[in-house]
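> here's my sequence, what's the structure:
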Amino acid sequence: MGNTEVRVRGLAARAGGWSARHRWAAVGIWVLFVVLAMGLGSAAGRVDVDQSDQLKGETHTAAKIIEDAGIKEPAGETVLIQGRTGTVKATGAEFRAAVADVVKAVEGTGKVTGVTSPYDTHTISRDGRTALVQFDLRGDAETAADRIEPVLNAVAGVQKDHAGLRIEEIGGASMQKQYKDAFGDDFQQAEYSAVPVALGILLIAFGALVAALLPVALAITAIMATMGLMGLVSHLQPMSDTANSVMLLVGMAVGVDYCLFYLRREREERAAGRDAGTALRIAAATSGRAIVVSGVTVCVAMAGMLFTGLAEFEAMGLASLMVVAVAMVGSVTVLPALLSLLGERVEKGRIPFLRRRRRTGSGDSRFWSAVLRGVLAKPLLSVVVAAGALLAIAAPALGMKTQQLTLDQEFGDSLPMVQTYNHLNDAFPGGSEPAQVVVKAKDINAPDVRQALADFRKQAIASGASRGPVEVKLYDAQNVALVSVPLVGGSDMDRATKSLEKLRDEVRPATLGKADGVEAPITGQVAGNHDFNDQLMGSVVPVFAFVVVFAFLLMLLSFRSLTVAITSIVLNLLSVAAAYGILVAVFQHGWGASLVGAEGVGAIVTWLPLFLFVILFGLSMDYHVFVVSRIREARMRGRTTKDAIRHGVVTTAGVVTSAAVIMVAVFAIFGTLSMQSMKQMGVGLAAAVLIDATIIRGVLLPAVMALLGERNWYLPKWLHRLPDLTHDEAPEQAASPVTDRGERLTV
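As a prediction, the model looks like this:
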């Protein structure tokens with residue numbers, strides 16, 4: 001075990017001791033920090049991720065050309081007019097009347113410009129059953145969704161007058177509005193419901209209202225402060241609404257967890273007969289230190305997202321990192337001050353039917369005591385069975401298929417716009433998501449450039465990448481041309497991607513590529529998804545390597561054990577793999593998909609595996625550090641390794657279970673949303689945390705440590721020079737307050 005002397009003072013212990021002695025100052029500083037962060041963030045405003053900064057590669061180049069040229073593309077909308085039966089054609093009198101009524105209705109709103117009739121633009125399907133009225137919305141395209149409602153109402157009015165036809169509007173603005181209306185409240189309700197769910201579980205865990213409110217209050221104030229900090233930081237690293245939602249999710253989870261760890265240890269020490277001051281100091285030196293180690297590890301894991309090069313991921317990573325850091329600081333500073341102020345009043349508001357619950361000095365869990373007896377009696381069998389079960393669960397992940405979900409995969413038939421999207425794609429394959437070639441030249445009207453554009457139009461169709469029509473829009477003053485190319489494949493992302501690659505790799509070099517000084521990046525929805533996938537796949541290895549290596553080093557420094565560091569990484573990877581397996585089984589293969597409303601998805605959204613790895617690797621360290629710290633603490637006090645394992649796992653079982661239930665409940669809320677990407681995230685996180693808190697921490701960890709015995713604490717001599725960041729233990733027999741001089745005690 002090495003030295004038999006350990007320090008009773010460390011960063012967390014000193015912070016806790018100072019806060020307990022300067023209670024009002026600590027609370028005041030925290031409140032001031034939260035208020036200042038919110039105020040400054042509000043004053044600075046939040047800068048969101050710009051479309052042109054979302055990706056690198058061709059998509060980014062195309063966006064920059066358009067931005068630098070000052071071209072403001074208006075929000076385009078399309079009204080689909082279609083016969084409900086095969087006998088109704090666009091040449092019929094009723095059809096022509098409907099087209100005229102649509103044109104008149106949308107122009108009458110005063111919100112649109114450039115209305116075109118399908119009879120002028122020849123936007124009539126090959127079977128003659130479908131025609132498109134197209135127009136642009138006046139004003140800024142980014143805020144078009146706020147002005148689209150009068151136009152939608154006008155189109156709906158025409159539909160009432162022509163019941164024999166299908167008259168539906170679709171476009172960026174109308175889709176964004178419908179999305180906001182359908183899921184804005186959905187997200188908000190999910191975010192708000194996380195607080196009462198966490199509070200309810202804490203009430204059951206503590207049996208007292210004040211004790212239950214403390215973790216929730218800490219989490220909420222940490223989230224509020226981080227929201228303000230996000231506004232300030234966004235001027236260096238733009239943020240987003242997605243980053244805000246992820247920050248709230250992570251903040252609620254870790255904020256409650258950290259406070260729960262601290263509070264349960266303080267109550268346990270008081271129940272063991274120690275006075276309030278000693279109990280608080282021991283909690284600061286043990287659970288406080290575990291919180292710091294866990295928090296730093298989670299921050300390192302979240303920092304892995306910064307290596308993706310994707311603006312959205314960088315925003316999520318930075319926002320998550322900040323909320324974890326704020327929650328960690330709050331847990332080891334203001335929480336000890338509040339506990340010192342409250343004293344016995346932390347037990348106020350006892351729940352009547354939970355009054356029989358009494359604190360015990362051991363804090364033992366009967367259920368986990370029974371499980372541990374079996375695990376420690378036959379550790380090898382436990383490892384084989386538990387690891388075998390997790391590997392079996394993880395097996396489907398070997399066939400994981402990732403892709404950006406199409407509109408119908410993401411929303412199913414829950415939104416009218418999905419049906420309109422499918423109708424449009426069926427009538428005009430690729431028309432709903434065309435590729436856009438952004439052509440920049442020294443002189444866009446030069447003969448060789450005009451010839452290259454004409455050749456591109458012909459070759460795009462001749463190559464089979466598009467069925468047309470290929471439309472060219474010239475901006476003479478800016479020497480830029482925008483070429484719209486409907487892709488063969490339409491909403492079938494695999495086929496559409498092949499068409500895109502044909503345009504990029506064959507058609508473009510043979511046409512536009514032969515004109516001197518011409519840039520022609522190809523962008524659009526399909527191109528953006530393709531570039532996103534390529535960039536994401538390219539960042540997987542660096543992100544995985546960064547997270548694993550730094551987590552390993554932190555475990556090595558925190559426990560001064562090569563064995564603990566290695567087993568920590570292996571067990572975490574196993575829990576992540578099991579979560580991947582569950583995701584693939586449910587959302588890709590459809591096993592039990594009806595239980596979560598995920599029928600027919602058939603794939604995992606591209607960004608989720610990397611996102612889950614980073615989040616889960618960080619969050620699972622919460623439990624791991626907490627449990628292993630308690631085991632090491634007991635071993636340093638002189639217990640045998642097997643007895644220390646039993647003591648550490650059983651005494652932490654209650655708090656780990658409570659924390660896991662809260663995390664699972666919060667994540668499961670997001671699994672109830674209608675968006676399949678959010679559902680996948682919620683189910684994946686909830687399943688992984690459940691596996692981590694039960695099979696990993698309750699069975700595999702103690703079984704592996706029991707098999708290793710004293711080798712758990714192995715540190716090669718050549719590593720003894722590493723910084724000593726080990727646990728700030730308190731002696732088991734301590735019954736009096738520990739002094740503040742940081743003396744060393746013999747264990």
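> so where do the helices sit in the stretch 201-350 of the chain?
Using DSSP state H, counting those that start in this stretch, the helices of the stretch 201-350 of the chain run over residues 209-233, 241-271, 276-285, 287-303, 311-332, 334-342.
> would you list those in a markdown table and tack on mean pLDDT?
Shown next, in a markdown table, are the helices of the stretch 201-350 of the chain (pLDDT from 0 to 100):
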| stretch | mean pLDDT |
| --- | --- |
| helix 209-233 | 90 |
| helix 241-271 | 83 |
| helix 276-285 | 83 |
| helix 287-303 | 85 |
| helix 311-332 | 90 |
| helix 334-342 | 89 |
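> Val518 is nearest to which of these?
Closest to Val518 of the helices of the stretch 201-350 of the chain, according to CB to CB: helix 311-332, at 27.9 Å. The C-beta positions use only the backbone N, C-alpha and C, and glycine is treated the same way.
> other SSEs contacting the closest one?
Here helix 311-332 touches helix 11-21, helix 209-233, helix 241-271, helix 287-303, helix 608-636, going by 3 or more CB pairs under 8 Å, 6 or more residues apart in numbering; DSSP states H and E.
> what's around Phe552, how many residues?
Phe552 has 15 neighbours, counted by other CB atoms under 10 Å.
> contact partners of stretch 580-598?
If you take CB atoms under 8 Å, 6 or more residues apart in numbering as the criterion, stretch 580-598 is touched by 393-397, 399-401, 599-604, 608-609, 612, 671, 674, 676, 679-680, 683-684, 687-688.
> switch to 7 Å and redo it
Outside stretch 580-598, the residues within contact range by CB atoms under 7 Å, 6 or more residues apart in numbering are 393-397, 399-401, 599, 601-604, 609, 671, 676, 679-680, 683-684, 687.
> PyMOL command for the buried members of these?
Buried residues within the contacts of stretch 580-598, by 16 or more other CB atoms under 10 Å, are selected in PyMOL with:
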select buried, resi 393+394+396+397+601+603+604+609+671+676+679+680+683+684+687
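> sort out for me which of the contacts of stretch 580-598 are in helices.
Judged by DSSP state H, helices contain the following of the contacts of stretch 580-598: 393-394, 609, 676, 679-680, 683-684, 687.
> give the contact list for Ala686.
Ala686 makes contacts with 664, 667-668, 671, as judged by CB under 7 Å, 6+ apart.
> got any ranges where the stretch 51-200 of the chain has weak pLDDT?
For the stretch 51-200 of the chain, the stretches with pLDDT under 70 are 51-55, 182-191.
> residue boundaries of the helices in it?
Counting by DSSP H, counting those that start in this stretch, one finds helices in the stretch 51-200 of the chain at the ranges 58-68, 93-108, 118-121, 149-161, 172-206.
> which residues does the residue nearest to His235 when sequence neighbours are not counted contact?
Excluding its sequence neighbours, the residue lying closest to His235 (CB to CB, 6 or more residues apart in numbering) is Val47, at 5.6 Å. Counting by CB under 7 Å, 6+ apart, Val47 makes contact with 234-235, 238.
> tell me, what's the model's pLDDT at Val47?
If you check Val47, the pLDDT there is 85.
> shaky segments in the stretch 451-600 of the chain?
490-492.
> now do the contacts for the residue most central in space within the chain.
Closest to where the C-alpha atoms of the chain average out (CA atoms, centre = their mean) is Val246, at 4.9 Å. Val246 makes contact with 316, 319-320 under the criterion CB under 7 Å, 6+ apart.
> list phi and psi for the residue lying closest to Asp140 once chain neighbours are set aside.
Residue nearest to Asp140 in three dimensions, not counting chain neighbours: Lys72, with 7.6 Å by CB to CB, 6+ apart. Backbone torsions of Lys72, given as degrees, to the nearest 10, read phi -110, psi 90.
> how about Arg560?
Backbone torsions of Arg560, given as degrees, to the nearest 10, read phi 50, psi 50.
> thought it was touching Pro716?
No: in terms of CB atoms under 7 Å, Arg560 does not count as a neighbour of Pro716; the distance is 10.9 Å.
> more neighbours, the two?
A count of neighbours by other CB under 10 Å puts Arg560 above the other of Arg560 and Pro716, at 24 against 7.
> test my guess that Val472 contacts Val480.
No: counting by CB under 7 Å, Val472 does not reach Val480; the two are 11.2 Å apart.
> between the two, who's got more neighbours?
It is Val480, of Val472 and Val480, that has more neighbours when counted by other CB under 10 Å, with 21 against 16.
> circling back: out of the helices of the stretch 201-350 of the chain, flag the one nearest Leu701.
helix 287-303 (14.9 Å).
> any idea how far Pro702 is from Val689?
With distances taken as CB to CB, to the nearest Å, Val689 is found 19 Å from Pro702.
> between the two, which is the more surrounded one?
The neighbour count for Val689 versus Pro702, taken as other CB under 10 Å, is higher for Val689 (29 against 26).
> wait, the more buried one sits on Met663?
Yes: the pair Val689 and Met663 qualifies as a contact (CB under 7 Å) at a distance of 4.6 Å.
> who touches both of those two?
Joint contacts of Val689 and Met663 (CB under 7 Å, 6+ apart) do not exist.
> circling back to that earlier point, ok, and the most crowded of the contacts of Val246?
Ala319 (30 neighbours).
> give the contact list for that residue.
226, 230, 239, 243-244, 246-247.
> next: Leu407.
So Leu407 contacts 418, 421 (CB under 7 Å, 6+ apart).
> name the helix or strand for the closest residue to Asp516 other than its chain neighbours, please.
Leaving aside its sequence neighbours, Asp516 sits nearest to Asp448 (CB to CB, 6+ apart; 7.1 Å). Counting by DSSP states H and E, the element that carries Asp448 is helix 447-462.
> so which elements touch that helix?
Packed against helix 447-462 by the contact rule (3 or more CB pairs under 7 Å, 6 or more residues apart in numbering; DSSP states H and E) you find strand 480-485.
> repeat that with 10 Å
In this structure, helix 447-462 packs against strand 435-440, strand 471-475, strand 480-485, helix 493-502, helix 508-510, with contacts taken as 3 or more CB pairs under 10 Å, 6 or more residues apart in numbering; DSSP states H and E.
> the ones you listed: which one's closest to Pro352?
Among the helices and strands packed on helix 447-462, helix 493-502 comes nearest to Pro352, with 56.7 Å by CB to CB.
> quick check: buried residues in the closest one?
493, 495-497, 499-500, 502.
> what's in contact with it?
Residues from elsewhere that reach helix 493-502, judged by CB atoms under 10 Å, 6 or more residues apart in numbering: 401, 403-406, 409, 429-430, 433-435, 459-460, 463-467, 485-490, 492, 507-508, 522, 524-527, 529-531, 533, 603.
> narrow the residues you listed to those that are buried.
Neighbour counting over the contacts of helix 493-502 (16+ other CB under 10 Å) leaves 403-406, 409, 429-430, 433-435, 459-460, 465-467, 485-490, 492, 507-508, 522, 524-527, 529-531, 533, 603 as the buried ones.
> that concludes my questions; thank you for your assistance.
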